[in-house]
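*Asks:* Following is a predicted model, sequence given first.
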Amino acid sequence: MTRINVYHKSPDQTLAEDIRRSLQSRLATAAISCPVEFAAAAVRVAGSESCGKCTPCRVGLAQLALLYDALLDGKAAPDAIARIDELSEHIYRASDCAIGFEAGALSLQAVRGFQDEFRFHLEKHDCSEWACDPVPCRSGCPADVDVPAYLALVAAGRYTDAVRVVRKDNPLAIICGLICEHPCESYCRRGLVDAPVNIRGIKRYAAEHMEEDYAPAKAEPTGKRVAIVGGGPAGLSAAYYLALMGHSPVVYEQREQLGGMLRYGIPSYRLPHSELDREIAWLLGAGIEVRTGVAVGTDVGIDELKAKHDAVYLAIGAHAAVPLRVPGEDAQGVYSAVELLRRVGSGDYPNYSGKRVCVIGGGNVAMDAARTALRLGAATVRIVYRRRRLDMTAQPVEIDATIAEGCELRELVAPVRIEARDGQVAGLVLQPQMISVIKDGRASPKPASTPEQTLECDCVIIAVGQAINSAAFASYGLPVKRARLQAAPDGSLPGHDGLFSGGDCVTGPATVIRAVSAGKAAAASIDSYLGYNHRIELDVEVPPAFFSSRVYCARSNMTEPYPDDLVGNFVSVEVGLLPEEALQEASRCLRCDHFGSGALRGGRKTSW
């Protein structure tokens with residue numbers, strides 16, 4: 001008999017790991033149908049792991065699970081929510097280890113964060129409508145696009161109809177097919193099986209393969225004129241839907257071309273200008289008047305806009321740079337990423353040949369600036385970030401592509417000052433950091449006890465955020481807080497009749513699809529303000545869903561061929577799906593709009 005056996009994984013351990021991976025994939029899918037159900041399940045899982053040594057965990061979690069069961073079964077006492085709150089806090093504060101106190105913390109966060117939902121369960125013995133959205137991908141889309149519908153249409157080979165479905169809620173079908181951050185995919189229930197459906201890739205395929213163009217249906221002219229200040233995604237979306245409602249939108253754009261950050265913030269290797277121009281031209285065909293080169297607040301005042309129009313929508317975006325505020329920032333060779341990308345978007349390509357470039361920041365704009373610098377001829381590009389790579393706000397796919405193209409990433413270093421020689425940038429001084437406590441859900445850095453480092457460089461690009469030029473609107477008397485316009489949930493500006501606002505100038509810098517959502521909501525609000533109730537309707541018949549066996553199938557991704565020479569090369573870096581890939585991907589959809597709760601809750605939304 002041996003003293004110690006060589007370790008071999010048993011069949012039971014293998015099975016347990018498979019079950020654990022299945023649970024992890026379920027938790028990784030963002031679609032949580034009911035926060036009360038989810039909190040109850042988390043409490044029960046934690047209870048099953050309790051060692052039983054401390055009473056708050058062993059007994060407390062069992063009693064907490066009973067309270068949740070009663071609430072979900074419609075048998076809870078009137079004080080059930082208060083008892084859940086009290087017991088959760090006791091478990092959180094008194095448990096000896098993470099099993100107990102983390103379960104208590106999660107329950108406490110749920111009962112206090114979803115008070116309305118808990119009360120709905122107590123009083124109505126059911127989930128509220130918002131908490132039990134039957135189609136997760138649609139609930140994850142800020143613009144409420146009917147994802148299963150257009151996936152089914154692509155699977156049927158009806159690409160024009162698929163685009164019509166998208167544009168019912170999101171007019172930027174071509175653009176979002178290329179650069180949307182696709183939050184819908186994190187909600188996709190296919191992720192429980194193998195991997196989420198490549199929703200953005202299918203949208204792009206449909207937009208690129210329409211059988212024929214079409215003209216959207218429009219309501220009879222109302223004679224109402226609406227001023228849209230800003231030609232970015234929020235302004236264009238609002239203008240498009242207002243035009244379909246029969247109104248006459250007029251877009252006032254400060255720059256010479258429409259697009260906002262789509263043109264002046266996203267490099268053309270990600271969003272080719274030819275595709276951007278094609279989408280904008282199609283939108284303008286709906287009956288949108290455009291006046292470029294007009295700055296509201298300088299060339300034309302708000303009072304003048306109000307006098308000439310029946311309503312005004314402010315969607316000015318967030319186009320200003322945020323300074324780094326370190327010594328030496330005024331040296332020659334220090335630029336903001338916003339400034340660089342704006343120049344390149346305008347067709348003005350600075351010469352970075354042979355330069356050593358440092359980019360400061362960890363967001364998508366920093367990645368865009370770094371990849372742009374390479375294409376402008378930079379000898380080296382180094383990205384410095386004060387947190388870890390996993391803390392970066394840029395999309396992982398953008399980080400991967402940036403590094404694959406040859407950019408270097410330096411984590412856990414914070415800029416201290418910029419050194420200059422004869423007024424020209426000579427180096428970037430960095431203080432190494434260590435990761436520390438988590439604040440507001442994010443790990444925070446603090447200086448490490450190691451010496452400063454100096455990176456020799458010829459150019460520093462600052463990408464630490466974007467600001468809003470709202471001074472003219474604040475001086476007019478509009479509600480502004482921390483440079484953001486303070487609009488009501490319907491987009492109206494309190495105390496200013498006929499004025500509305502939305503997009504980045506209200507939320508702060510956000511995604512394209514959120515800007516589209518803001519423009520869509522504003523169009524509905526302005527239509528109501530003008531005394532109408534126009535409906536944007538879906539007039540496409542969606543193919544029926546058929547039950548079929550679901551086999552495991554890997555996800556097809558777009559590819560990014562690595563170019564041999566990036567200098568001066570701003571051609572698209574992403575290749576769309578092949579026809580057979582698009583068909584396979586669309587066929588992977590589980591049709592949650594038909595199978596499961598999607599078949600029980602009122603059917604498909606056909607208008608808004």
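*Replies:* Arrived safely, thanks for sending.
*Asks:* Where does the prediction get shaky in the stretch 51-200 of the chain?
*Replies:* 129-133 (pLDDT under 70).
*Asks:* For it, which segments count as strands?
*Replies:* Shown for the stretch 51-200 of the chain, no strands are assigned by DSSP state E, counting those that start in this stretch.
*Asks:* One more: the stretch 351-500 of the chain?
*Replies:* For the stretch 351-500 of the chain, applying DSSP E, counting those that start in this stretch gives strands covering 356-360, 380-384, 408-410, 413-421, 424-439, 442-447, 453-456, 459-462, 466-467, 480-481, 484-485, 499-501.
*Asks:* Next, format the ones you listed as CSV and append mean neighbour count and mean pLDDT.
*Replies:* To be clear about C-beta, it is placed using only N, CA and C from the backbone, and glycine gets the same treatment. Formatted as CSV, these follow (neighbours: other C-beta atoms under 10 Å; pLDDT from 0 to 100):
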stretch, mean neighbour count, mean pLDDT
strand 356-360, 26, 98
strand 380-384, 23, 98
strand 408-410, 16, 97
strand 413-421, 19, 97
strand 424-439, 16, 96
strand 442-447, 14, 94
strand 453-456, 15, 97
strand 459-462, 26, 98
strand 466-467, 19, 94
strand 480-481, 14, 96
strand 484-485, 21, 96
strand 499-501, 27, 97
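*Asks:* would you list those strands in a markdown table and tack on distance to Val512?
*Replies:* A markdown table is the format used below for the strands of the stretch 351-500 of the chain (distance: least, C-beta to C-beta, whole Å):
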| stretch | distance to Val512 |
| --- | --- |
| strand 356-360 | 22 |
| strand 380-384 | 23 |
| strand 408-410 | 25 |
| strand 413-421 | 29 |
| strand 424-439 | 29 |
| strand 442-447 | 23 |
| strand 453-456 | 33 |
| strand 459-462 | 22 |
| strand 466-467 | 14 |
| strand 480-481 | 24 |
| strand 484-485 | 18 |
| strand 499-501 | 18 |
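*Asks:* For Asp330, find the nearest of these.
*Replies:* Proximity to Asp330, assessed across those by C-beta to C-beta, is greatest for strand 413-421 (8.7 Å).
*Asks:* can you list the residues that contact the closest one?
*Replies:* Strand 413-421 is contacted by residues 324, 326-329, 331-332, 334, 360, 384-386, 425-433, 445, 447, 452-454, 460 when judged by C-beta atoms under 8 Å, 6 or more residues apart in numbering.
*Asks:* doesn't Glu456 make contact with Gly427?
*Replies:* Yes: if you go by C-beta atoms under 8 Å, Gly427 and Glu456 touch, sitting 4.9 Å apart.
*Asks:* State the distance from His247 to Leu390.
*Replies:* From His247 across to Leu390, the span is 47 Å (C-beta to C-beta, to the nearest Å).
*Asks:* Please enumerate the helices of the stretch 301-450 of the chain.
*Replies:* Assigned by DSSP state H, counting those that start in this stretch, the helices in the stretch 301-450 of the chain fall at 302-308, 337-345, 364-375, 396-404.
*Asks:* any idea of the mean pLDDT in the first one?
*Replies:* Averaging pLDDT along helix 302-308 gives 96.
*Asks:* Likewise for the longest one?
*Replies:* Averaging the model's pLDDT scores along helix 364-375 yields 97.
*Asks:* which strands and helices sit next to that helix?
*Replies:* In terms of contacts (3 or more C-beta pairs under 8 Å, 6 or more residues apart in numbering; DSSP states H and E), helix 364-375 is packed against helix 337-345, strand 356-360, strand 380-384, helix 396-404, strand 459-462.
*Asks:* Could you say which one of the ones you listed comes nearest to Val45?
*Replies:* Smallest distance to Val45 across the helices and strands packed on helix 364-375 (C-beta to C-beta): 27.6 Å, for helix 396-404.
*Asks:* What are the phi and psi values at Pro544?
*Replies:* phi -70, psi 160 (degrees, to the nearest 10).
*Asks:* Which pLDDT value belongs to the nearest residue to it once chain neighbours are set aside?
*Replies:* By the measure of C-beta to C-beta, 6 or more residues apart in numbering, the closest residue to Pro544 outside its immediate chain neighbours is His594, 7.7 Å from it. Per-residue pLDDT puts His594 at 83.
*Asks:* just checking, Ala243 touches Ser237?
*Replies:* No: contact criterion C-beta under 8 Å: Ala243 and Ser237 do not qualify, at 10.9 Å.
*Asks:* if we can go back for a sec, His247 and Leu390: which is more packed in?
*Replies:* More neighbours surround His247 than the other of His247 and Leu390, with 27 against 10 (other C-beta atoms under 10 Å).
*Asks:* how close does the closest residue to the more buried one other than its chain neighbours sit to Asn533?
*Replies:* Distances taken as C-beta to C-beta, 6+ apart put Lys224 closest to His247, at 4.7 Å, once the chain neighbours are dropped. Going from Lys224 to Asn533 by C-beta to C-beta gives 14 Å.
*Asks:* Would you indicate which residues of stretch 79-92 are buried?
*Replies:* By neighbour count on 16 or more other C-beta atoms under 10 Å, the buried set for stretch 79-92 is 80-81, 83-85, 87-89, 91-92.
*Asks:* residues touching the residue nearest to Val145 when sequence neighbours are not counted, list them.
*Replies:* Closest residue to Val145 apart from its sequence neighbours, by C-beta to C-beta, 6+ apart: Asp169 at 4.6 Å. Neighbouring residues of Asp169 by C-beta under 8 Å, 6+ apart: 141, 143-146, 520, 536, 608.
*Asks:* which of those count as buried?
*Replies:* Buried, going by 16+ other C-beta under 10 Å: 141, 143-146, 520, 536, out of the contacts of Asp169.
*Asks:* List the ones among those that fall in helices.
*Replies:* Taking DSSP state H, the ones among these that sit in helices are Lys520.
*Asks:* Now tabulate the buried ones among the contacts of Asp169 in CSV and tack on distance to Leu61.
*Replies:* Below are the buried ones among the contacts of Asp169 laid out as CSV (distance: C-beta to C-beta, whole Å):
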residue, distance to Leu61
Cys141, 36
Ala143, 40
Asp144, 38
Val145, 40
Asp146, 41
Lys520, 44
Ile536, 49
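*Asks:* returning to that earlier point: wait, isn't the residue nearest to Pro544 in contact with Pro543?
*Replies:* No: counting by C-beta under 8 Å, Pro543 is not a contact partner of His594; they are 10.3 Å apart.
*Asks:* Which of these two has more residues huddled nearby?
*Replies:* With neighbours defined as other C-beta under 10 Å, His594 and Pro543 compare such that His594 has more, 19 against 14.
*Asks:* Let's see which of the buried residues of stretch 79-92 end up in helices.
*Replies:* 80-81, 83-85, 87-89, 91-92.
*Asks:* Roughly how far does Glu117 sit from Pro489?
*Replies:* Counting by C-beta to C-beta, the gap from Glu117 to Pro489 is 19 Å.
*Asks:* And Ala472, by the same measure?
*Replies:* 24 Å.
*Asks:* the more surrounded of those two?
*Replies:* Ala472 (15 against 7).
*Asks:* Ignoring the adjacent residues along the chain, who's closest to the more buried one?
*Replies:* That would be Gly297: by C-beta to C-beta, 6+ apart, it lies 3.1 Å from Ala472.
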